[in-house]
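> from the sequence below, what's the structure:
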Amino acid sequence: MDRRTLLAIGLMLIIAVLPTLLNPRRPDPQAVADSLATGLDSAVASLDSVEAQATPPETVFVQQPAAALQAVEGVTPPPVPALVEGDPVVVESPLYRFTFSTRGARLTGAELMEYRTFAPGDSGNAHLVPDGGRFLEYGLVVGSDTIHLADWDFVPSASTLTVNAPGTPLTLVAERGVVAVELTYTFDPDHYLFDVTGRVSGIEGSGIAVIGLSPRMRQIEADSADNFRSYAVVTKAGKTERLNFRSLDPGEARALPGPFEWVAIKSKYFVTAVMTLDEGQPQLGGAIAIGGPKPGRHSTNTDVAMSLPAPGGGFAFSVYIGPQEYKRLSRIGHEFGDVNPYGWILRPIIRPFANIIVVILLWMHENLNLEYGWVLILFGLAVRVVLWPLNQKAMKSGVAMQAIQPELKAVQERYKQDPQRMQQEVMKLYKVHQVNPLGGCWPMLIPMPVLFALFFVFRETIEFRGVSFLWLPDLSRPDPYYIIPILMGLSMFGVSKIGQIGVPPNPQTKMMLYMMPAFLTFIFLRLSSGLNLYYAVSNIASIPQQWLIAKQRLKRLGKRE
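Take a look at the predicted model:
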């Protein structure tokens, strides 16, 4: 059963890392820059999932290059303004430095003070908004009129703002003719979440506000290919849905039917999102995502825009732009912690275990005052202790099955012409020797969701990003010296070698003894050093149990050491 478990883990890891092994090429930096400049200039698609009560039902909206929606039913809309930089407006707190532009009031910079960039050739704090990004670019559709705010010049209440207390406001005001727009951003020094309220006066009737999140977050990870694979649009309606950037062809538009509680763009470790979470606020309407150019094998850009009812020209929503910290996201509520869903297709099974594991690891780090490396070591030992009874039962069942193998083969040979009688005699043999043929399987299958969850937790949890331990520069990245994966492979070989003491010689078993550790070592070379550290500790901690079971096996089979 141990070999089957190892094989199952091996197959899981193959599925998880095969795309990385077969597709190691990173996007060309110049091509990425070119695609950023291209934006949505060639993409035109329809959005038909807006709030029916906020606009006449016969009106259809389309996505244009500036990530704004416009009415096209018998109306010639004004051209979407080109992206022009205005004067910077800087908002600072201990956690962040947000920069807004007076041209369009959009967000042009988001620097996180507690996180660093690891992109090759880059240094300093993590900056999430790329050059040329159109984050929080606004539009307003009222009847047959479309107002693009991208080229409006706003007057800010302050050119620099230090956030020292919750509720610190920044107001930007702009006027054109009889139409006036007032935007108020409200910040908290301890949270990456801020509120936005808007008021458009000088217009009649209700409309739809359009908010853009384009085209992606800046690449700030050491492994750009792995980070680009993680780019996705995640939405929350009745449940969370994920649309990977790589699933969209260049220029392909995908309508996302609302209403939504939030719409987010995520990378591997960071996320930007527009939310309507407060009681009394209308939910987001529909959204649209348009695939950008693919300079490499992955789509690096996807332009996203969403609609929001603006009765009387007023609208309100919240924005999160920051790390995917489990506790921080969970406190926001509305299942925002699920913006980074662990488990892929196994998500319904993996997610509960992954959430529990994350809570335990964070608790150990904060309450025991341990570095994350020591937390992983202690957690690996603790898991082995908790699973000791199950493993003990599985191993004892395996020993019992091995002891009756001669009798079992004799019965199978004697009744090979009569399958029904053979089955009856086999079950009688199990009953006489009090052996459960499934006794070695079920105890090993029970912890499998935990093992799968650990793989995703160590791979995608931001708390391990950039955390060093001993010679390891980053627990979220592979060991640069390959010491830990080799140690993991050797420990696996040791466990298997001890586990075969007293087992009758078998060519297949002997081959697995060498092939499986070598194969998994090769796979683990490219996985995070934190994951390798956990498995190495877990294997080493299982050796005493394997040794005790081997001694019992020798005793039961009547052999001597």
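> which residue is most remote from the mean position of the protein?
Going by Cα atoms, centre = their mean, the residue of the chain most distant from its centre is Arg414, 55.9 Å out.
> ok, that residue to Val319 distance?
Plainly put, Arg414 is 75 Å away from Val319 if you go by Cβ to Cβ, to the nearest Å. (Each C-beta comes from the backbone N, C-alpha and C, glycine too.)
> now swap in Lys431 and tell me
When Cβ to Cβ is applied, the distance between Lys431 and Val319 equals 66 Å.
> grab the longest helix from this structure for me.
With residue count as the measure and DSSP state H as the assignment, the chain has helix 529-556 as its longest helix.
> what comes up buried for it?
529-542, 545-546, 549-550, 553 (16 or more other Cβ atoms under 10 Å).
> again with stretch 142-159
The neighbour-count check on stretch 142-159 (16+ other Cβ under 10 Å) flags 142, 145-154, 156 as buried.
> in those residues, find the pair that's most separated.
Asp145 and Pro156 (26.2 Å; Cβ to Cβ).
> keeping just the C-alphas, turn stretch 380-396 into CSV.
Presented in CSV, the C-alpha positions along stretch 380-396 are these (Å, rounded to 0.1, in the frame of the first residue of the first chain):
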residue,chain,number,x,y,z
GLY,A,380,5.8,17.8,9.5
LEU,A,381,6.6,16.1,12.8
ALA,A,382,3.2,16.9,14.2
VAL,A,383,1.4,15.5,11.1
ARG,A,384,3.4,12.3,11.4
VAL,A,385,2.5,11.9,15.1
VAL,A,386,-1.2,12.5,14.3
LEU,A,387,-1.2,10.0,11.5
TRP,A,388,0.8,7.4,13.5
PRO,A,389,-2.2,5.3,14.5
LEU,A,390,-3.6,5.2,10.9
ASN,A,391,-0.2,4.3,9.4
GLN,A,392,0.3,1.8,12.2
LYS,A,393,-3.0,0.1,11.3
ALA,A,394,-2.2,0.2,7.6
MET,A,395,1.3,-1.3,8.1
LYS,A,396,0.0,-4.0,10.4
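> can you pull out the helices in this protein?
Listed in chain order, the helices of the chain (DSSP H) span residues 2-22, 29-38, 224-230, 326-332, 347-367, 372-386, 388-403, 405-414, 419-432, 442-445, 448-460, 483-499, 507-524, 529-556.
> for Pro120, find the nearest of these.
Taking Cβ to Cβ as the measure, these were each checked against Pro120, and helix 224-230 came out nearest at 8.0 Å.
> now find how far off-centre that closest one is within its chain.
On the basis of Cα atoms, centre = their mean, to the nearest Å, helix 224-230 is displaced by 11 Å from the centre of the chain it belongs to.
> which strands and helices sit next to it?
Other helices and strands packing on helix 224-230, by 3 or more Cβ pairs under 8 Å, 6 or more residues apart in numbering; DSSP states H and E, are helix 2-22.
> so Phe524 sits against Leu487, correct?
No. The pair Phe524 / Leu487 is not scored as a contact, 10.2 Å apart, by Cβ atoms under 8 Å.
> what touches both of these two?
Shared contacts of Phe524 and Leu487, defined by Cβ atoms under 8 Å, 6 or more residues apart in numbering, comprise Asn532.
> okay then, goodbye and thanks.
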